[in-house]
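Engineer: Coordinates for the following, if possible.
(chains A and B)
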Amino acid sequence: MASTATDADAAPGAQPGGGAPRRRLRAGTGRWVLRKLVGASLTLGFVLVFNFVLFRMMPGDPAKTFLRGRQANPERLAQLRDELGLDDPWPVQFGKYLRETLRGNLGDSWSQGNRPVVELIADRLWPTLLLSGTALVLAALVGIWLGARSGWRHGQAFDKGSTGVAIGLYSLPEWWLGLLLLLVFASPAGLNIFPGGGMTDPRGGVDPVLDTLWHLVLPCTTLTLVYIAQYALIMRSSVLDERYAEYLTTARAKGLRDDQVLTRHALPNALLPTLTLFFLSLGFVVSGAITVETVYSWPGLGLLSYEALSGPDIPLLQGLFLVFSVTVILMNLLADLLYPLLDPRVRLS
Amino acid sequence: MNAAPAVPPTARALARQRRRAALRHFWTAYRRDVEGMIGLVLMLGWVVLALTAPVLVDAESLRVTQASGPPLAAPSVDHPLGTDEDGRSLLALIIWGSRVSLLVGLAATVISMVIGTLVGVTAGHFRGRPGGLLDRVTDFFLVIPFLPLAIVLATVLRVRWPTVPQVIAVIVVIGITSWPGTARLVRAQAMAVEGRPYLERARALGGGHWHQIARHVLPNVLPVVFANTTLSVSLAILAETTLSFLGLGDPLRPSWGTVLDGAYSAGAISRGAWWWAIFPGVAVASTVLAFNLCGRATERILDPRLKGRA
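Structural biologist: Okay, here's the model as predicted:
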């Protein structure tokens, strides 16, 4: 994760033959952007091949699977095989698969009333974005605050406590944390004040926005608690790195108060690794909540994946896998491209 | 005795001596690390429990038909951790579950270590095109989100080879999805070793690739791999628990994740059977924490840069 940051350690001023540093900088950036683009498209290609091969590995005759249960004479089967292109050589089949995928056709699901996979995914995307997005932002804010404070006050009770809690949270499966919260807040064994699952009350009668927020509280808290640990730990270690930097001594010598030194001078520099983490996590926003959504029956892509497992609904699984992977690849690319804007030191490496 | 003290020790004997001294040194430092010792004791406790499970608990009592206790009984003297829906003692389930959870964690780690080391050393030694290709493959596996990949692989394995025990499938899936981290680490270390003078000497003397890798690169890379093992085991155990919770575990060999899946599916939460959902999770968390504590202590001792920080 931090590889981009360590690559940047080469001193920017030390370029030999300083004839036209600006020009070189721009040419270097162009090549760098190109390299990142090529890398991302290669990975994308891998994903597509992988998805195709996996699908081919499934046993049985896909044409029969397609007809599931219905009686079919050999002629009809042969016709279907022809229509589905099952008798074509592999490269031709892969070409077809590529064309259909790029057109946004991921096939029809086997469960879920045979609806198109793309439609199902589009329906379930928003709940996931709402849940994971909220949790991600909350976790980043709280995590940065926690990490900065414990790094700055290194070794004190607050630091020891919050680092301990962070490591503890790191050791839990996130869905088990979800089960615990359910037990405490939505079970006859506990307080039983929050709803036990879903996104809205099926009985209605409440303002839909408030109702959704009310249902969001527990799953969102669970995810936030899980994500906080990473942010707090990374922020803590980068504040620790900056703690004895000379510019902070200068800032103190100017007579700034301790918290001013932290917020105005140490934080902006220490934030960089955390920002990288944030951008990288954006890619996992759509796939990160599979288990938590399952525990809370939150009708997003994660619950859809869980539903696809019983059966299993292969086309739906494949489609979801593709969407999850593509999001991560694109967001990683975005993080790679944005990073030099945030940290000028990266541009020259 | 025909001892010949005048003969100088061979290079290999010297190396062995040095290695033994380094281990002793490590252990002395480790013993002083409180966190690390807590982790070690906890970890050994679970390992002993897993190994002695057949002596401690009759396997028959895990069969649904043989269960003796009342269904969904809260913790009591007879059943210290309560019972599940079928009246099986949760204590028995957890003790037997530790075998599967630890086995999967260790076996998957071995697979991922072997693949990771092979790929890492090869990519670090053969720079240029082969190394570049391996780097790409590693990148691919690093980028793809773990859980979706594991779910798809586990499903395909199950449908394609239905006769393979599900436990094996889970081990393989976790093994082949979790090696890239190790590969990265090993590659960096291998590349550092590649630049050392003794490798140049080996090349100059005509040592082949195999000789260079087996004699020089591997011995220098393996400590990094071993130091990373405990952290990998904890990740593998978490992964196993999660896959089992999603229903991809082995129904014939229940692990902690399978027990939790059962609890959730049977509505233990809304029925207020807190013990059914809590105790297996505590087992998972304490095991993972134990491995994490050991791993962090090892890191602290081996990486002097971390001194006085964590």
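Engineer: alpha carbons only for contacts and neighbour counts from here, please
Structural biologist: Noted.
Engineer: How about the contacts made by residue B:122?
Structural biologist: B:131, B:187 (C-alpha atoms under 8 Å, 6 or more residues apart in numbering or on different chains).
Engineer: Show me the shaky parts of the chain.
Structural biologist: Reading this off chain A. Filtered on pLDDT under 70, chain A yields the residue ranges A:1-28, A:57-72, A:80, A:83-86, A:345-349.
Engineer: that answer is for a different chain, and I need it for chain B
Structural biologist: Within chain B, the stretches with pLDDT under 70 are B:1-6, B:304-310.
Engineer: Pick out the residue closest to the middle of chain A.
Structural biologist: residue A:284 (0.7 Å; C-alpha atoms, centre = their mean).
Engineer: swap that for chain B, sorry
Structural biologist: Central residue of chain B (C-alpha atoms, centre = their mean): residue B:233, at 1.9 Å.
Engineer: helix/strand/coil for the residue nearest to the centre of chain A?
Structural biologist: Counting by DSSP: H, G, I helix; E, B strand; the rest coil, the backbone at residue A:284 sits in coil.
Engineer: Could you check which residue of the stretch 201-310 of chain B lies nearest chain A?
Structural biologist: Nearest residue of the stretch 201-310 of chain B to chain A, counting by C-alpha to the nearest C-alpha: residue B:272, 4.5 Å away.
Engineer: Ramachandran angles for that residue?
Structural biologist: phi 80, psi 20 (degrees, to the nearest 10).
Engineer: my read: it touches residue A:184, true?
Structural biologist: No. Under the criterion of C-alpha atoms under 8 Å, residue B:272 makes no contact with residue A:184, lying 9.9 Å away.
Engineer: Common neighbours of the two, please.
Structural biologist: By the contact definition C-alpha under 8 Å, 6+ apart, residue B:272 and residue A:184 are jointly contacted by residue A:190.
Engineer: show me the contacts for the residue lying closest to residue A:110 once chain neighbours are set aside.
Structural biologist: Taking C-alpha to C-alpha, 6 or more residues apart in numbering or on different chains as the measure, residue A:110 lies nearest to residue A:313, with 5.4 Å between them; neighbours along the chain are not counted. Taking C-alpha under 8 Å, 6+ apart as the definition of contact, the neighbours of residue A:313 are A:109, A:110, A:111.
Engineer: Kindly report the same for residue B:168.
Structural biologist: Counting by C-alpha under 8 Å, 6+ apart, residue B:168 has no contacts.
Engineer: can you tell me the helix or strand for it?
Structural biologist: Per DSSP states H and E: residue B:168 is located in helix B:166-177.
Engineer: buried set for that helix?
Structural biologist: Buried residues in helix B:166-177, defined by neighbour count with 16 or more other C-alpha atoms under 10 Å in any protein chain shown: B:166, B:167, B:169, B:170, B:171, B:172, B:173, B:174, B:175, B:176, B:177.
Engineer: what element comes up after that helix heading to the C-terminus?
Structural biologist: helix B:180-194.
Engineer: Name the surrounding residues that touch that next one.
Structural biologist: Residues from elsewhere that reach helix B:180-194 (C-alpha under 8 Å, 6+ apart): B:112-113, B:115-125, B:138-139, B:141-142, B:199, B:217-218, B:220-221, B:224-225, B:228.
Engineer: can you list the residues of the stretch 151-300 of chain A near chain B?
Structural biologist: Within the stretch 151-300 of chain A, the residues that sit near chain B (C-alpha under 8 Å from any C-alpha of the partner chain) are A:168, A:171-173, A:176, A:179-180, A:182-183, A:186-190, A:196, A:240, A:284, A:287, A:291, A:295.
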